[in-house]
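S.K.: Model the structure of this input:
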Amino acid sequence: MNKSWFHFAPWIFLIVGLLMLFLSKSALTFVYAQGAITETPTLNGTSPYITQTYIEPVNVRSGPSTVDYPTIGQIPIGAIVPALATSPHHEWIEIDFPAGPGGVGWVYANFVTLTGTLQIVEPPPTATPLATSTIDPTLAAAFNIQPTVTRLPTFTPAPPLIIPTFSYQTPSTGFPIGGTIIAIALLGLIVLMVSAFGRR
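M.R.: Take a look at the predicted model:
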């Protein structure tokens, strides 16, 4: 039994090797779009294609902009997808994307590697907004409140400052008050002396 195993071992290895070679040549690339995976055959060397070389899945948009166009799917790491065209500034690449509008999508050029030459196409029109915001004139007039005009008080200047003045009157020339006081004092002294001598 061991001899029969060694007898068929080379043939088994040969068949497994041929099978792996066949599968590697007919490998399929997978494109992730809106939660569904679709199979895309391996591209030949004549048609332009991109290879996803970014470190994580790359978003596919409906147009060449992250602002004006929504995300419509993703491309997994290492996927190979047919390339159709490029934007005027070569920042975005249009690819074959069945889940997108018209069967195409756009990826950012820095996240993929392009093989081949592409023609330049104009971006698709942006999506029309569902509703245009308008303001009801009646409602706007209800909140358009005019401020009440208030007259500012008038400024009344203060009355002029009056500085009081004092007049000095020169005493009239007459008998001096000091002389009167001295005379009264002398008179009192004389009376005192007279009364003192009278008691003796």
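S.K.: how close does I72 sit to G103?
M.R.: 11 Å (Cβ to Cβ, to the nearest Å). In short, each C-beta sits where N, CA and C put it, glycine included.
S.K.: Just give me the neighbour total for Y49.
M.R.: 22 (other Cβ atoms under 10 Å).
S.K.: again with I162
M.R.: 6.
S.K.: Repeat that for the one 5 residues further on.
M.R.: The local packing of S167 (other Cβ under 10 Å) involves 4 other residues.
S.K.: check contacts around it.
M.R.: By Cβ atoms under 8 Å, 6 or more residues apart in numbering, the contact set of S167 is empty.
S.K.: which residues of this protein fall in helices?
M.R.: With DSSP state H as the criterion, the chain has helices at 2-25, 137-142, 177-198.
S.K.: mean pLDDT lowest for which of those helices?
M.R.: When the helices of the chain are compared by mean pLDDT, helix 2-25 comes last with a mean of 61.
S.K.: where's G105 relative to I77, distance?
M.R.: 17 Å.
S.K.: Same check on I182?
M.R.: I182 sits at a distance of 132 Å from I77 (criterion: Cβ to Cβ).
S.K.: Check the most centrally placed residue in the chain and give its pLDDT.
M.R.: Nearest to the geometric centre of the chain sits V67, at 15.5 Å (Cα atoms, centre = their mean). pLDDT recorded at V67 is 88.
S.K.: now do G73
M.R.: Looking at G73, the pLDDT reads 91.
S.K.: burial count for the closest residue to D68 other than its chain neighbours?
M.R.: Excluding the flanking residues, the one nearest D68 by Cβ to Cβ, 6 or more residues apart in numbering is T126, at 4.5 Å. For T126, the neighbour count with other Cβ under 10 Å is 12.
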